[in-house]
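[1] Using only what follows, build the 3D model:
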Amino acid sequence: MSRMGKPSLNREPAFSGDGIHVSKAELIALERRCSRRYLSSRRAARSALAGAHESKFRGRGVDFLESRHYLPGDDIRNMDWRVTARTGKPHTKIFQEERERPVILVVDRNPSMFFATRGQLKTVMAAKIATALAWTAARRGDRSGAVIYGGGVHHELRPRGGRRGVLRMIQQLERWCNPGNLPQQRDPLAASLQRLRNVVRPGSLVVILSDFYRLDEDCNRHISRLSQHNDLVGCQLLDPLEIEMPAGVFPVTDGENSRSLDTRNRQLRRNMLVREQQHQAVPANLFRKNGARWMQVLTTDDPLSAIERGLGISLRG
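    Numbering: from 1, shown residues only. Below you'll find the predicted structure:
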């Protein structure tokens, strides 16, 4: 686990909401806290006149990078006719260009995300982090969009700039990440990543907010392709119980049914710890081996402090 992305069990801030419901007012209030924050890029632009980021954007520019399959919406003036003739399939040229960077927030709403023993539900934390990143992007002049998936839902918001774009995202987060729309089925991440690849513009910052319980073999292929042409970040949402299992008898409920979880058995705690360590290690290794960034956030963390620690957001006067 990287030092930058490591969560702290000692941090337990006060929350203005109830920790269960995604509040539109609470998400809008994050704008003020984000007003002095700056979302860094891995590489700074060479010229302020050319844009804020020297990104992996594929468009018209100066430096040719490679050719790839033509996608709907690509500029036909960049067609690579030689590769197209050789392969029999349309290809377009890709260039390095300095310009604004779209920010895409992928928010998991599968049943396991509606869970917490302390702090706030994972869905609430995911909504806060997504909104904070959107406010920070809007301040810098970048556009932000979202993909909300899980529980039979795949809702896409194409990137839009300004305050109106963030408010549009907040409205959908409130709609889909509240317990009133509690999902029953579990959807794999790979299906949403495949659809995301068809709509995300190269050079985007893509942040996936999930507990990553729904990984499958196809995720590796999609994460690899996304990280080739975008700044990809995996953000794992965890409850403190998933980091350290105490001994005791605990009531557990899904809102309708209640049971007791007895963790006084030492072997049971050991088995649960081993399983949980694997649950955290598998997605971390998957993102890192593909050159993507990785961070973990606890349900007891302050969302802005967490993204400062994990994504390089710094205070600016």
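[2] Tell me where the model's unsure across the stretch 1-150 of the chain.
    Scanning the stretch 1-150 of the chain for pLDDT under 70 picks out 1-16, 36-65, 95-99.
[3] cutoff 80 now
    Flagging of the stretch 1-150 of the chain using pLDDT under 80 yields the residue ranges 1-16, 35-66, 72-74, 94-100.
[4] Tell me which stretches of it form strands.
    Counting by DSSP state E, counting those that start in this stretch, residue ranges of the strands within the stretch 1-150 of the chain are 37-39, 53-54, 63-69, 91-96, 98-99, 103-108, 144-150.
[5] Which parts of this structure belong to which domain?
    Per automatic domain parsing, the structural domains of the chain span 24-43+100-311, 58-96.
[6] Output those domains in CSV; the columns should cover distance to residue 17.
    (C-beta placed from N, C-alpha, C; glycine too.) As requested, the domains of the chain are exported to CSV (distance: least, CB to CB, whole Å):
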stretch, distance to residue 17
domain 24-43+100-311, 5
domain 58-96, 39
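[7] mind checking which of the ones you listed is nearest residue 18?
    domain 24-43+100-311 (8.2 Å; CB to CB).
[8] quick one: that closest one to chain centroid distance?
    5 Å (CA atoms, centre = their mean, to the nearest Å).
[9] re earlier: would you mind finding the most buried of the domains of the chain?
    domain 24-43+100-311 (a mean of 19; mean count of other CB atoms under 10 Å).
[10] what distance separates the start and the end of that domain?
    24 Å (CA to CA, to the nearest Å).
[11] can I assume residue 216 is in contact with residue 187?
    No - checked against CB atoms under 8 Å, the pair residue 216 and residue 187 is beyond contact range at 10.8 Å.
[12] mind checking how far the closest residue in space to residue 166 that isn't next to it in sequence is from residue 229?
    Residue nearest to residue 166 in three dimensions, not counting chain neighbours: residue 134, with 4.5 Å by CB to CB, 6 or more residues apart in numbering. Applying CB to CB, to the nearest Å, the value for residue 134 to residue 229 is 21 Å.
[13] With residue 303 instead?
    From residue 303 to residue 229 the distance is 28 Å (CB to CB).
[14] May I have the phi/psi pair for the residue nearest to the spatial centre of the chain?
    Central residue of the chain (CA atoms, centre = their mean): residue 208, 2.3 Å from the mean position. Main-chain dihedrals, residue 208, degrees, to the nearest 10: phi -100, psi 120.
[15] And for residue 89?
    Phi and psi for residue 89, reported as degrees, to the nearest 10, are phi -130, psi 140.
[16] need the contact list for the nearest residue to it once chain neighbours are set aside.
    Nearest in space to residue 89, with sequence neighbours left out and distances taken as CB to CB, 6+ apart, is residue 69 at 6.4 Å. When contacts are counted by CB atoms under 8 Å, 6 or more residues apart in numbering, residue 69 is found next to 89-92.
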